[in-house]
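*Asks:* Would you be able to build a 3D model of this:
(one chain, ligands or ions: 2)
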Amino acid sequence: MASNNQFVTFNNGQEYPILGFGTWKSKPGEVEEAVKVAIDTGYRHFDCAMFYGNEKEIGDAINQKIDEGAVVREDLFITSKLWNIFHQPNIVESVLKKTLSDLQVEYLDLYLIHWPMAFKEGGLNDDFIPKDDDGATIEGNGSYIDTWKAMEELVENGLTKSIGVSNFNKRQIQEILDVATVKPVNNQVECHPYLTQKKLKEFCDENGIILTAYSPLGSPDNPWKKPEDPTLLEDPKIMEIADKYNKTSAQILIKYQIQRGIMVIPKSVTKNRIESNFEVWDFELEQEDIDQIDTFDCNGRFVHMKGNMHFKDYPFIDEY
Ligand SMILES: NC(=O)C1=CN([C@@H]2O[C@H](COP(=O)(O)OP(=O)(O)OC[C@H]3O[C@@H](n4cnc5c(N)ncnc54)[C@H](OP(=O)(O)O)[C@@H]3O)[C@@H](O)[C@H]2O)C=CC1
Ligand SMILES: CC(=O)C(C)=O
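*Replies:* Ligands and ions are numbered 1, 2, ... in the order given. Below is the predicted model:
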């Protein structure tokens, strides 16, 4: 099944599977089994983050599969992300080394700055969301430009093959490009039919940066979801297209991104969903259906971190 994988090529020549496996909200206790099922299904690209609190269990799953001979390390493409309290350059390498130790691997394939905005600086044992007495997140002094310079050293030291960013807007990416000696290969952002990221994609295409679509199914288990929020997977217009191809809504949402050349990382801890989300290689959406899905854009964001809107590097004030 793994042979069905389709790859993108980064600006540094590294190839990466276009379809990956999300792990946010996958609890310790369930994520280990989910990752093992995913590897058996054929997924080779795993999207992780220290913030998700489950890298140790993901590492256990990966290593069990390596030990039993199902895969070798070189078959896998593992992404992780540097959290917002770790922007100070002198701590970046030790934070990555903690992720490597939890994932039980010698190197990452892709390491991202998780958000452009910095929270109050902390260490590995500190709260990931530092709060003041009123319960508001405390902003930090970090600058993503300085952080980027420390990220470049990780590539030079062989700790990660590629580096990139996540949740960065056009202006913030341009600032990185202006100083980079190692170019970002990837910007991971929320992306689905309600937020197609057309303009950001055009800018990234022009600069050789591949987008990854997070929350591609509309993140129905998102902790900030309100009852009145639309459920993308049940959108009648998506369901109609799914019926036309005899596919599920999830498969249409995943294939939509693949045909746009966008990496896509749906999350599931449910065996039959993990499997069916990977069964997207035997059909092609017609261009008229892709064009129609493009028209569903309504700047609909599920992961907005609105509580941090006043931070100097909050990314979602700019148009894109
Ligand atoms: N860089 C960043 O800041 C961010 C990165 N991410 C990354 O992107 C990944 C995906 O995004 P996420 O927000 O988790 O949301 P998704 O859009 O992937 O949706 C996940 C939800 O959809 C359900 N689901 C999965 N497959 C199906 C299916 N075939 N039919 C019906 N329901 C289904 C899952 O349920 P169940 O698990 O119960 O099966 C879960 O509730 C994350 O896990 C994370 O790795 C996400 C947000 C922010
Ligand atoms: C889910 C995630 O990656 C966030 C909120 O940063």
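*Asks:* what are the ranges of the strands in the stretch 101-250 of the chain?
*Replies:* Assigned by DSSP state E, counting those that start in this stretch, the strands in the stretch 101-250 of the chain fall at 108-113, 160-166, 186-190, 210-214.
*Asks:* Let me have the ones you listed in a markdown table, extended by mean neighbour count.
*Replies:* C-beta here means a position set from N, CA and C on the backbone, and glycine is covered the same way. Below are these laid out as a markdown table (neighbours: other C-beta atoms under 10 Å):
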| stretch | mean neighbour count |
| --- | --- |
| strand 108-113 | 26 |
| strand 160-166 | 24 |
| strand 186-190 | 24 |
| strand 210-214 | 24 |
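*Asks:* Export those as a markdown table, with columns for mean pLDDT.
*Replies:* Output for these, formatted as a markdown table (pLDDT from 0 to 100):
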| stretch | mean pLDDT |
| --- | --- |
| strand 108-113 | 99 |
| strand 160-166 | 99 |
| strand 186-190 | 98 |
| strand 210-214 | 99 |
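*Asks:* Output the ones you listed in a markdown table; the columns should cover distance to Tyr43.
*Replies:* Shown next, in a markdown table, are the strands of the stretch 101-250 of the chain (distance: least, C-beta to C-beta, whole Å):
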| stretch | distance to Tyr43 |
| --- | --- |
| strand 108-113 | 14 |
| strand 160-166 | 18 |
| strand 186-190 | 17 |
| strand 210-214 | 14 |
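*Asks:* export these to a markdown table and tack on distance to ligand 2?
*Replies:* Shown next, in a markdown table, are the strands of the stretch 101-250 of the chain (distance: least, C-beta to the nearest ligand atom, whole Å):
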| stretch | distance to ligand 2 |
| --- | --- |
| strand 108-113 | 10 |
| strand 160-166 | 7 |
| strand 186-190 | 9 |
| strand 210-214 | 7 |
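*Asks:* Excluding chain neighbours, give the residue nearest to the residue in the chain positioned nearest to ligand 1 in space.
*Replies:* Closest approach between the chain and ligand 1, counting by C-beta to the nearest ligand atom: Gly22, at 2.5 Å. Closest residue to Gly22 apart from its sequence neighbours, by C-beta to C-beta, 6 or more residues apart in numbering: Lys267 at 3.1 Å.
*Asks:* helices or strands up against the helix or strand that contains Asp40?
*Replies:* According to DSSP states H and E, Asp40 maps onto helix 31-41. Applying 3 or more C-beta pairs under 8 Å, 6 or more residues apart in numbering; DSSP states H and E, one finds that helix 31-41 makes contact with strand 21-22, helix 55-67, helix 271-276.
*Asks:* measure the residue nearest to Gly22 to Phe21 for me?
*Replies:* Separation of Lys267 from Phe21 (C-beta to C-beta, to the nearest Å): 7 Å.
*Asks:* chain center to stretch 287-294, what's the gap?
*Replies:* How far stretch 287-294 lies from its chain's middle: 24 Å, per C-alpha atoms, centre = their mean, to the nearest Å.
*Asks:* Check the burial of the closest residue in space to Gly122 that isn't next to it in sequence by counting its neighbours.
*Replies:* Leaving aside its chain neighbours, Gly122 sits nearest to Ile85 (3.9 Å; criterion: C-beta to C-beta, 6+ apart). Neighbour count of Ile85, defined by other C-beta atoms under 10 Å: 25.
*Asks:* wait, what's in contact with Ile85?
*Replies:* Ile85 makes contact with Ala118, Phe119, Lys120, Glu121, Gly122, Asp126, Asp127, Phe128, Pro130, Gly140 under the criterion C-beta atoms under 8 Å, 6 or more residues apart in numbering.
*Asks:* And Gly59, by the same measure?
*Replies:* Counting by C-beta under 8 Å, 6+ apart, Gly59 makes contact with Asp102, Leu103, Gln104, Val105.
*Asks:* Output stretch 292-305 in PDB with nothing but the alpha carbons.
*Replies:* Taking only C-alpha atoms (Å, rounded to 0.1, in the frame of the first residue of the first chain), the coordinates of stretch 292-305 have been written out as PDB:
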ATOM      1  CA  GLN A 292     -16.600  24.600  -7.200                       C
ATOM      2  CA  ILE A 293     -15.000  23.700  -3.900                       C
ATOM      3  CA  ASP A 294     -12.700  26.800  -4.300                       C
ATOM      4  CA  THR A 295     -15.900  28.900  -4.200                       C
ATOM      5  CA  PHE A 296     -16.800  27.700  -0.600                       C
ATOM      6  CA  ASP A 297     -14.000  29.900   0.900                       C
ATOM      7  CA  CYS A 298     -15.500  32.200   3.500                       C
ATOM      8  CA  ASN A 299     -12.300  32.900   5.500                       C
ATOM      9  CA  GLY A 300     -13.600  30.300   8.000                       C
ATOM     10  CA  ARG A 301     -10.900  29.600  10.600                       C
ATOM     11  CA  PHE A 302     -11.300  26.900  13.300                       C
ATOM     12  CA  VAL A 303      -7.800  27.400  14.900                       C
ATOM     13  CA  HIS A 304      -7.600  31.200  15.400                       C
ATOM     14  CA  MET A 305      -5.900  31.600  18.800                       C
END
